[in-house]
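Q: Got a sequence here, can you build the structure:
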Amino acid sequence: MADLPDTIDYILITHNHQDHCMLETLLQLRHKTQTVIVPKNSGGELVDPSLKLILQTIGFKNVREIDVMETLEFDGGLIQGLPFLGEHGDLNILTKMAYHIRAQGQSILVAADSNNIEPQLYEHLREVLDTDILFLGMECEGAPFSWIYSPLITQPLSRKMDQSRRLDGSNYERALGIVDCLQPKQVYVYAMGQEPWLSFIMATQYTETSRPIVESNQLVKACCDRGIIAERLSNQKEIILTP
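A: So this is what the prediction gives:
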């Protein structure tokens, strides 16, 4: 935390899975954060709790909900909510959002663990925004549905249902479909759970032959072959935006 600025203007939370919304980390940032942006919620159900209410309860003073395609402008830029498909077991969970950020003349798409299950979505997005930098998670195996949501199921869950509703993101082919559609200049694979501290909350133990590593390596190589700057991020990376 020591390398972060004294004041953080905005924290953007894409969804409430434990590798994207860790309260232990957020509590350390609470005193220096001006505004937290979260996906708009229907009011807070057991399967889909309200991030706004959670963060207000632990002491964040300014928590702002935004809806899909809603825009929040700030001096010199904007934050826009975008659709986020997949990764939640086909449950009716509204608290998930990708973000389009425009700052320093750059257009950034933070797509979290989006699964490209409907390529037409990105064709529509291409019509309304350009993308200089793409951030995309590629946990393409994903945990079984029961790993997070079994306590909320009132009947026994069949193995077929459990495995067919895995909490997965895009594989190589689907991720490359997003890249080919949006044509970003830089691509960063992130949120892969490789950081050592995540071993305490995640069940991932990657090797070089693990499918998410193999598939993300393929994407990075394909992007580099196309002349696109690409990297799979881990631990720490500083990216400087210039006008």
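Q: ok, now which ones touch Cys181?
A: The contact partners of Cys181, taken as Cβ atoms under 8 Å, 6 or more residues apart in numbering, are Pro119, Tyr122, Glu123, Arg126. Heads up, the C-betas are built off the backbone N, CA and C, glycines and all.
Q: Point out where this protein drops to low pLDDT.
A: By pLDDT under 70, the weakly predicted segments of the chain are 1.
Q: Which residues does the longest helix along the chain contact?
A: Ranked by number of residues, the top helix in the chain under DSSP state H is helix 211-225. Contacts to helix 211-225, defined as Cβ under 8 Å, 6+ apart, come from residues 138-141, 171-172, 175-176, 179, 187, 189, 192, 204, 206-208, 229-232.
Q: burial of Ala103, as a residue count?
A: 15 (other Cβ atoms under 10 Å).
Q: In this structure it contacts Asp75, no?
A: No. Between Ala103 and Asp75 there is no contact under Cβ atoms under 8 Å: 9.8 Å.
Q: OK, contacts around the residue nearest in space to the middle of the chain?
A: Ranked by distance to the mean C-alpha position of the chain (Cα atoms, centre = their mean), the top residue is Ala112 at 1.7 Å. The contact partners of Ala112, by Cβ under 8 Å, 6+ apart, come to Thr14, His15, His20, Phe84, Glu87, Lys96, Met97, Ala98, Leu136, Gly137, Ala191.
Q: Skip the chain neighbours and tell me the closest residue to the third one.
A: In this case it means His20. Thr14 (5.6 Å; Cβ to Cβ, 6 or more residues apart in numbering).
Q: nearest to Asp3, of the contacts of Ala112?
A: Nearest to Asp3 out of the contacts of Ala112 is Ala191 (Cβ to Cβ; 19.3 Å).
Q: that older thread, what residues does the residue nearest to His20 make contact with?
A: His20, Pro39, Phe84, Lys96, Met97, Ala98, Tyr99, Val110, Ala112, Asp113.
Q: Check Ser164 too.
A: No contacts exist for Ser164 under Cβ under 8 Å, 6+ apart.
Q: Thr25 looks like it's in a helix, true?
A: Yes. Counting by DSSP: H, G, I helix; E, B strand; the rest coil, Thr25 is found in a helix.
Q: Give the buried residues for stretch 33-51.
A: If you call a residue buried by 16 or more other Cβ atoms under 10 Å, then stretch 33-51 has these buried ones: Thr33, Thr35, Val36, Ile37, Val38, Pro39, Lys40, Asn41, Asp48, Ser50, Leu51.
Q: Kindly report the same for stretch 117-124.
A: Quick answer for stretch 117-124 (16+ other Cβ under 10 Å): Leu121, Tyr122.
Q: Now do the strands for this structure: every range, in order, please.
A: For the chain, applying DSSP state E gives strands covering 8-12, 33-39, 63-66, 71-74, 77-82, 98-103, 106-110, 133-136, 186-189, 229-232.
Q: now those strands as CSV including distance to Leu27?
A: Shown next, in CSV, are the strands of the chain (distance: least, Cβ to Cβ, whole Å):
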stretch, distance to Leu27
strand 8-12, 12
strand 33-39, 11
strand 63-66, 14
strand 71-74, 24
strand 77-82, 23
strand 98-103, 22
strand 106-110, 22
strand 133-136, 24
strand 186-189, 26
strand 229-232, 28
